[in-house]
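Trainee: Let me see the structure of the following:
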Amino acid sequence: MANDQHRSRELAARLTASHSLEDLAGRLQARPGCPQPNLGGSAQSPEALDRRWQAIAQPGLRQRLALTQAPESYAASIEHLIGAVELPLGLAGPLRVNGSSAHGDYWLPLATHEAALVASYHRGCQVIAEAGGCSTLLLAEGVTRSPGFCFDGVAQAGRFVAWALEQEDAFRAAAASTTRHGRLTGMRVSVEGDHVYLLFDFTTGDAAGQNMVTIATQAICADILARCPVQPRRWYIEANASGDKKASAQSFSTVRGRKVTAEVLIPDAVVQARLHAPAADLVEYWRMSALGGVISGTIGVQGHYANGLAALFIATGQDAACVAEAAVGVTRFELRDGALYAAVTLPNLIVGTVGGGTGLPSQRACLELMELAGDGNAGALAEVCAGCSLAGELSIIGALASGEFVRAHERLARVRRRKLDRG
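Mentor: The predicted model follows:
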């Protein structure tokens, strides 16, 4: 996190250009007396919205943030509701998926304000379709929660671990008492000095399951505190060892959410017609970019999973913060008898088709557009996410290998922006 000396000098000069060091120190001091208006808690009535807008005191903004549904529609999703943000929704596809859970042609609703993104994923979908579709396989499932326990010395920690390892049935029963859909499937143990981390792995049905596993883990911890002969000094429901909402080497090497792989074999003629470069050129670019990822220290090797996943997550009501962990994986390109073999593997797809934001009106509509709303569809959605990522990798690597990357962005972003400005 260090800056080199030249940047540090530039920063110091910039900070002192408009303020003396004494003034700057004063600006950084704590300032008591910040107003604390009553924002009405989680109330979502029209009257509660009126109170919040009175506190904001900028009535001219209200119409631009107007709701399209009754405020009560959002009661389970947000606190201090004041309106809704409109984000453009584009359509890519259809994406042909020949998978263990998903099998069909799927539209991809992508919510984004980044010009060229939807066009790029649409092009990737066309390439995959002309090759007969991508093959996808759901490899593993599991959402982790990692409570932490503090003891007085490693001897106590060791006794605790020995006891916990014999409690599988009791822990499973405690978890089952909180949910009909989730199931405790395993426990991993990590000891650091007199700290013990218990990593509980759950399946979560068709929900993404973050809240589900937290509540189940709370029940397990209550059982531990009630019965364990070695009581911890302190304990925490989550000790930051689960990989929740962050890229981690641990999740990359195991699974968090759903792990999916997707592949496609594309004739060179299709590659050249659609991506404007021979398959061999794409493989050569992929090879250099893979080493670039290693040199820069990325977790996994991929081009831009986050672009498509963020757009698809927002459109379908997934937890957008989970893109931080979902957009991790491995892309591989190879030549196979002149054809292009492309594969992606994503081990951390935290997605669901029930619960959370999937019930919001617009997000539910997007899932229905994909024919993946409701029970029984989470595995298929995960496979479609992998196929979407594969489409994006094909298109961006094709653009970079052919030298069209900058030209495409200029054409689809800057030119259209200039037309709007002249409009």
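
Trainee: all contacts plus neighbour counts: C-alpha atoms, from now on.
Mentor: OK.

Trainee: Give me the most central residue, the chain.
Mentor: Taking C-alpha atoms, centre = their mean, the centroid of the chain lies closest to residue 323, which sits 1.7 Å from it.

Trainee: Please, which helix or strand holds it?
Mentor: Using DSSP states H and E, residue 323 falls within helix 323-326.

Trainee: Same check on residue 241?
Mentor: Applying DSSP H and E, one finds residue 241 in no helix or strand.

Trainee: re the thing from before, the residue nearest to the centre of the chain reaches residue 309, doesn't it?
Mentor: Yes. Counting by C-alpha atoms under 8 Å, residue 309 is a contact partner of residue 323 at 6.6 Å.

Trainee: ok, and what's touching the helix holding residue 323?
Mentor: Under the criterion C-alpha atoms under 8 Å, 6 or more residues apart in numbering, residues 243-248, 306, 309-310, 313, 346-350 lie in contact with helix 323-326.

Trainee: quick one: which two of those residues are the most distant?
Mentor: Checking the contacts of helix 323-326 against each other with C-alpha to C-alpha, the farthest-apart pair comes out as 248 and 313, at 19.9 Å.

Trainee: Next, count neighbours for residue 18.
Mentor: 10 (other C-alpha atoms under 10 Å).

Trainee: how close does the residue nearest to the centre of the chain get to residue 14?
Mentor: Distance from residue 323 to residue 14, counting by C-alpha to C-alpha, to the nearest Å: 34 Å.

Trainee: With residue 98 instead?
Mentor: Distance from residue 98 to residue 14, by C-alpha to C-alpha: 56 Å.

Trainee: For these two, indicate the residue with more neighbours.
Mentor: More crowded of residue 98 and residue 14, by other C-alpha under 10 Å: residue 98, with 21 against 11.

Trainee: what distance separates stretch 46-58 from the centre of its chain?
Mentor: Stretch 46-58 sits 32 Å away from the centroid of its parent chain (C-alpha atoms, centre = their mean, to the nearest Å).

Trainee: Can I get that stretch as PDB, trimmed to CA atoms?
Mentor: C-alpha atoms of stretch 46-58 as PDB (Å, rounded to 0.1, in the frame of the first residue of the first chain):
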ATOM      1  CA  PRO A  46     -45.800   7.300   1.900                       C
ATOM      2  CA  GLU A  47     -45.800   9.400   5.100                       C
ATOM      3  CA  ALA A  48     -42.400   8.000   6.000                       C
ATOM      4  CA  LEU A  49     -41.000   8.900   2.600                       C
ATOM      5  CA  ASP A  50     -42.400  12.400   3.100                       C
ATOM      6  CA  ARG A  51     -40.500  12.800   6.400                       C
ATOM      7  CA  ARG A  52     -37.200  11.700   4.800                       C
ATOM      8  CA  TRP A  53     -37.600  14.100   1.900                       C
ATOM      9  CA  GLN A  54     -38.300  16.900   4.400                       C
ATOM     10  CA  ALA A  55     -35.000  16.000   6.100                       C
ATOM     11  CA  ILE A  56     -33.100  16.000   2.800                       C
ATOM     12  CA  ALA A  57     -34.600  19.500   2.000                       C
ATOM     13  CA  GLN A  58     -34.000  19.100  -1.800                       C
END
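
Trainee: Counting neighbours, which bits of that stretch end up buried?
Mentor: 48-49, 51-53 (16 or more other C-alpha atoms under 10 Å).

Trainee: what about the strands in the stretch 51-200 of the chain?
Mentor: 89-99, 103-111, 134-145, 148-150, 183-192, 195-203 (DSSP state E, counting those that start in this stretch).

Trainee: other SSEs contacting the first one?
Mentor: When contacts are defined as 3 or more C-alpha pairs under 8 Å, 6 or more residues apart in numbering; DSSP states H and E, strand 89-99 sits against strand 103-111, helix 117-130, strand 134-145, helix 378-402.
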